[in-house]
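Visitor: using only what follows, build the 3D model:
(chains A and B)
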Amino acid sequence: DQQVKQNSPSLSVQEGRISILNCDYTNSMFDYFLWYKKYPAEGPTFLISISSIKDKNEDGRFTVFLNKSAKHLSLHIVPSQPGDSAVYFCAASAGGAQKLVFGQGTRLTINP
Amino acid sequence: EPEVTQTPSHQVTQMGQEVILRCVPISNHLYFYWYRQILGQKVEFLVSFYNNEISEKSEIFDDQFSVERPDGSNFTLKIRSTKLEDSAMYFCASSSQAHSGNTIYFGEGSWLTVV
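Guide: Numbers count the residues shown, from 1 in each chain, chains lettered A, B, ... in the order given. The predicted structure is shown next:
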């Protein structure tokens, strides 16, 4: 089941620069997308979300962009901080369904 | 800030034994979930629960698994006869509503090791 894919297992970014994490999906029924951040041995922590009726949502340093025609979304973190080092998961849900479908995650490392 | 709490944080059990993982969802939430993550793999949906019954379950959630809300605050996942492949981090989650656009909040997880 590869409905949600994060093709980059890891990403390394210098502190202060922009981090861009990418996510692709195949199920055109997905209408809500979320990004979660996860530290080792902890649960996923909600970061930001976007509905399919929008193409951008911003919250502080975090912005999520949605390109429905390409079935692609991205998370931008500006500026990147050392505390942002974690695994980031993209997740999606469809038509009121209660379950989230997760991507494999991208490990982000912010270098000082 | 309200949070989902889970116990135990780590449990080691012998194959074939029953395990109960416990969760206290956020107090005003009505929808409850269990997810799991096998080491190195994706977070996977197991089951959702609303109004004292299962509303959706995945293929993983077979007859070995059951959920209940025994006392109005706790939400439990029972694995009747554990197998080695049940070793995973199990996450409880809750949300205030079920429709798309509603955020699901996760607990810190219970790490189950089956030996």
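Visitor: how about the residues of chain B by chain A?
Guide: B:4, B:6, B:31, B:33, B:35, B:41-45, B:48, B:50, B:55-56, B:58, B:89, B:91, B:93, B:95, B:98-101, B:103-109, B:111 (Cβ under 8 Å from any Cβ of the partner chain). Quick note: C-beta positions are derived from backbone N, CA and C, even for glycine.
Visitor: quick one: buried ones out of these?
Guide: B:4, B:6, B:31, B:33, B:35, B:42-45, B:48, B:50, B:55-56, B:58, B:89, B:91, B:93, B:95, B:98, B:100, B:104-109, B:111 (16 or more other Cβ atoms under 10 Å in any protein chain shown).
Visitor: the residues you listed in strands, which ones?
Guide: The strands, defined by DSSP state E, take in B:6, B:31, B:33, B:35, B:43-45, B:48, B:50, B:55-56, B:89, B:91, B:93, B:95, B:105-106, B:111 from those.
Visitor: middle-most residue in chain B, spatially?
Guide: Nearest residue to the geometric centre of chain B (Cα atoms, centre = their mean): B:W34, 2.9 Å.
Visitor: can you tell me the closest non-neighbouring residue to it?
Guide: Sequence neighbours aside, B:L46 is the residue nearest to B:W34 in space, at 4.3 Å (criterion: Cβ to Cβ, 6 or more residues apart in numbering or on different chains).
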